[in-house]
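Student: using only what follows, build the 3D model:
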Amino acid sequence: MKILDCNLTFGATNNGEPYKNCDTFTDLLEELDRCGIGGGLVRCAYSSTVGVNYGNDFVARCVNSDAAKAFELYGVWAVLPPFTNETPSPAALPDEMRNNRIGAVYLSPRTHRYELNALTMGECLDALEAEKIPVILNTAYGVSMTQIYEIMAAHPRLTALIADSDCWPNARRLYPLAQRYESLRLDLSYIMDAGGIEDMTARFGAEKLVFGTAFPYRYTGSMLAVTRAAAISEEDRAKIFGGNLMNMLKEAGLR
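Tutor: Numbering: from 1, shown residues only. Just a heads-up that it's a prediction; the model follows:
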């Protein structure tokens, strides 16, 4: 079955994390080939270290390059509040993504220095919700769980991909969201609970779960092993390993 990873990063971070950077797009492709991952969603760390538009443009060029053709890779763009006109406007963003092989956006208020609330990002989230575009809300990028809860309450039909890196085990933080919001999906990158995949599949259905590794901040083999060993049906495993992510992209017209 094809394996797609919803949480990939490349580009030197310049901050000492992770221990071993995935500096170049070639490094990323070599790692995917080595461990049998066929593609997924990838963001460029240069959006945090060099500049948002530099990183966004860089990842778009990479996923549309000849080197990427053997992989089912889609870029991830950072988005900013629209008031400074630094990233595409909420109205223009969906078409810009479709034209550049971009499969999702992410919010990084801590690194990009803005207040994440209804005033700053409400208009953008309204547009993304209406277009069913996947929005990555990851506590590793400086989005708090309180902010995630507030965003989902205000945008209950948002196609959100949630990752919580701040707490393990994190079922008590994630399960209320998974239970309440139909379009919300859980990124498994930081899910290491014993029997966690089995429990979530039984509670919410495999359709709620999306395979991710958080490479290079975490080792690709960890979640590969956990997902392969989970006591679930092969049909459910195929959904988690790639089917669910592909369905999200298709619903948004991004694939």
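
Student: with adjacent residues omitted, what lies nearest to Pro169?
Tutor: If you skip the residues right next to it in sequence, Pro169 has Asp193 as its closest partner in space, 4.3 Å away by Cβ to Cβ, 6 or more residues apart in numbering. Glycine gets a C-beta too; all of them are placed from N, C-alpha and C.

Student: please name the residues that touch the one you found.
Tutor: Listed by Cβ atoms under 8 Å, 6 or more residues apart in numbering, the contact set of Asp193 reads Trp168, Pro169, Asn170, Ala171, Asp199.

Student: so which of the residues you listed is the most crowded?
Tutor: Using other Cβ atoms under 10 Å as the neighbour criterion, Asn170 leads the contacts of Asp193 with 20 neighbours.

Student: picking that back up, of the contacts of Asp193, closest to Ile133?
Tutor: Comparing the contacts of Asp193 against Ile133 with Cβ to Cβ places Asn170 closest, at 24.9 Å.

Student: grab the nearest non-local neighbour of Glu72.
Tutor: Distance criterion Cβ to Cβ, 6+ apart; nearest residue to Glu72, sequence neighbours excluded, is Gly39 at 3.2 Å.

Student: how many neighbours does that neighbour have?
Tutor: Neighbours around Gly39, by other Cβ under 10 Å: 23.

Student: quick one: Thr220 and Cys44, what's the gap?
Tutor: Plainly put, Thr220 is 18 Å away from Cys44 if you go by Cβ to Cβ, to the nearest Å.

Student: more neighbours: the two, which one.
Tutor: Legend: neighbour count by other Cβ under 10 Å for Thr220 and Cys44, higher for Cys44 (27 against 20).

Student: ok, the more buried one touching Val63?
Tutor: No. If you go by Cβ atoms under 8 Å, Cys44 and Val63 don't touch, sitting 9.8 Å apart.

Student: ok so, going back, for the contacts of Asp193, which one is nearest Pro81?
Tutor: Nearest member of the contacts of Asp193 to Pro81, counting by Cβ to Cβ, is Asn170, at 28.0 Å.

Student: quick one, what contacts that closest one?
Tutor: Asp164, Tyr190, Ile191, Asp193.

Student: before we move on, the earlier item: for my notes, confirm the residue nearest to Pro169 occurs in a strand.
Tutor: No. Counting by DSSP: H, G, I helix; E, B strand; the rest coil, Asp193 is not found in a strand; it is coil.

Student: and the pLDDT for it?
Tutor: Listed pLDDT for Asp193 reads 81.

Student: let me see the backbone angles for it.
Tutor: Backbone torsions for Asp193, taken as degrees, to the nearest 10, come to phi -60, psi 140.

Student: equivalent analysis for Pro156, please.
Tutor: According to degrees, to the nearest 10, Pro156 has phi -70, psi -20.

Student: verify the stated contact: the residue nearest to Glu72 with Leu29.
Tutor: No. Counting by Cβ under 8 Å, Gly39 does not reach Leu29; the two are 9.9 Å apart.

Student: so what sits against both of the two?
Tutor: Shared contacts of Gly39 and Leu29, defined by Cβ under 8 Å, 6+ apart, comprise Phe71.

Student: wait, a helix at Met97?
Tutor: Yes. When classified by three-state DSSP, Met97 is found to be part of a helix.

Student: how close does it sit to Thr159?
Tutor: Note on Met97: its distance to Thr159, by Cβ to Cβ, is 13 Å.

Student: shared neighbours, the two?
Tutor: Ile133.

Student: show me which of the two is the more surrounded one.
Tutor: Met97 (27 against 22).
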